[in-house]
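Participant: here is my input; please provide its structure:
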Amino acid sequence: IEGLVHVSEMSWTKKNVHPGKIVSTSQEVEVMVLDVDPVKRRISLGLKQCMDNPWDTFVTKFPANTELEGEVKNITEFGLFVGLPGDIDGMVHLSDIDWERPGEEAIQDFKKGDQVRVRVLDVDVEKERISLGIKQLTADPFEASIGTVRKGEVVTCTITQVQENGIEVEITEGVHGFIRKVELARDRADQRTERFSVGDKIDAKVTQIDKGSRRVSLSVKAREMEEEKAAMAEFGSSDSGASLGDILGAAMRQARQKEDVTK
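Facilitator: Sure, this is the predicted structure:
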């Protein structure tokens, strides 16, 4: 009686290789019976099933968060493939190379044959996939810096880039934000990005913090409306007879007086 070991059942790690590179004629091997079909008179056997699954072994020895070193085996548009113990590879996705720079830029720092240190992020034994990270070897600078920024507060930031649809700003080191064009001012006439230049300081209200995309949304418009509301509450009301200009003028005079006292 003969059975067939399909090439896909010969090795855990060697895919689509000639069987002659794994076994030879007359060699005795231990196999596992995978299926018996009496009608078709076929017996399916497995050779790799009698060997340790390297992915099972790996996850036992190197669980998530383990750090280890490996050689860059291949570089693709998706990331780096790194050789790991057990003759298997893991992948560092583009998004897991660097905290600050885009993956397409950060991957240029590596070449085949480089020894790199990585952190194990996840092991999927069933799909035979190991996710690795390089940036996870260090703390996220965004997480460290964002602790000083809170939604709803007004912050002073520096303009780093002026775009047609808004302006990019740096709130603090490692934390960048964006102010959309419609949020640049309360009055539409002032919602022009050309009013601003790189390096300018600007006060804006934090409206959203997205830790997933590592971005902060801000609004000058919301800050101005909040200041206007506060001025209305302190210096006038809708039935006081004071105009908005009078109210805001009073608020500005008080602010200047406070500055003079401070000086």
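Participant: switch to C-alpha atoms for all contacts and neighbour counts from now on
Facilitator: OK.
Participant: hey, where'd the strands end up in this structure?
Facilitator: Under the criterion DSSP state E, the chain contains strands at 4-5, 32-37, 42-46, 67-75, 79-84, 88-93, 115-124, 129-133, 154-163, 166-172, 175-180, 201-210, 215-219.
Participant: which one of these lies closest to Asp187?
Facilitator: strand 215-219 (12.8 Å; Cα to Cα).
Participant: contacting residues around that closest one?
Facilitator: Contacts with strand 215-219, where a contact means Cα atoms under 8 Å, 6 or more residues apart in numbering, come from 175-180, 183-184, 204-210.
Participant: list the residues that contact Val120.
Facilitator: If you count contacts by Cα under 8 Å, 6+ apart, Val120 has them with 62-67, 130-133.
Participant: could you give the bridge partners of it?
Facilitator: With DSSP bridges as the criterion, Val120 is bridged to Leu132.
Participant: please parse the chain into its domains.
Facilitator: Domain assignment of the chain by the TED database yields the ranges 2-50, 54-133, 141-237.
Participant: ok now the first one, how far from the chain's centre?
Facilitator: The reference is to domain 2-50. Here the centre of mass of C-alpha atoms in domain 2-50, compared against the chain's by Cα atoms, centre = their mean, to the nearest Å, lies 42 Å away.
Participant: rewinding a little: in CSV, list the strands of the chain along with mean pLDDT and distance to Ala231.
Facilitator: Formatted as CSV, the entries for those read as follows, by pLDDT from 0 to 100; distance: least, Cα to Cα, whole Å:
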stretch, mean pLDDT, distance to Ala231
strand 4-5, 90, 83
strand 32-37, 94, 80
strand 42-46, 93, 80
strand 67-75, 95, 56
strand 79-84, 95, 54
strand 88-93, 94, 51
strand 115-124, 95, 52
strand 129-133, 95, 51
strand 154-163, 92, 16
strand 166-172, 90, 26
strand 175-180, 90, 24
strand 201-210, 91, 17
strand 215-219, 91, 19
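Participant: between the ones you listed, which one is nearest to Arg195?
Facilitator: In this view, these are compared for proximity to Arg195 by Cα to Cα, and strand 154-163 is the closest at 9.5 Å.
Participant: distance to Thr13 added to the strands of the chain, as a markdown table?
Facilitator: Supplementary listing: the strands of the chain in a markdown table, determined by distance: least, Cα to Cα, whole Å:
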| stretch | distance to Thr13 |
| --- | --- |
| strand 4-5 | 16 |
| strand 32-37 | 18 |
| strand 42-46 | 14 |
| strand 67-75 | 14 |
| strand 79-84 | 12 |
| strand 88-93 | 6 |
| strand 115-124 | 15 |
| strand 129-133 | 12 |
| strand 154-163 | 48 |
| strand 166-172 | 47 |
| strand 175-180 | 43 |
| strand 201-210 | 40 |
| strand 215-219 | 40 |
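Participant: list the buried residues of stretch 46-61.
Facilitator: For stretch 46-61, a neighbour-count test (16 or more other Cα atoms under 10 Å) marks 46-49, 53-55, 58-59 as buried.
Participant: mind listing what the spatially most central residue of the chain touches?
Facilitator: Within the chain, one residue has its C-alpha closest to the average C-alpha position: by Cα atoms, centre = their mean, that is Ser95, at 5.4 Å. The neighbours of Ser95, taking Cα under 8 Å, 6+ apart as the test, are 102-103.
Participant: before we move on, the earlier item: got a quick PyMOL command for the buried subset of the contacts of Val120?
Facilitator: Buried residues within those, by 16+ other Cα under 10 Å, are selected in PyMOL with:
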select buried, resi 62+64+67+130+131+132+133
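Participant: what's around Asn165, how many residues?
Facilitator: 13 (other Cα atoms under 10 Å).
Participant: cool, and the one 10 residues further on?
Facilitator: Val175 is flanked by 19 other residues according to other Cα under 10 Å.
Participant: list the contacts of it.
Facilitator: 142, 145-146, 214-216.
Participant: can we see that at 10 Å?
Facilitator: When contacts are counted by Cα atoms under 10 Å, 6 or more residues apart in numbering, Val175 touches 100, 141-146, 149, 169, 214-216.
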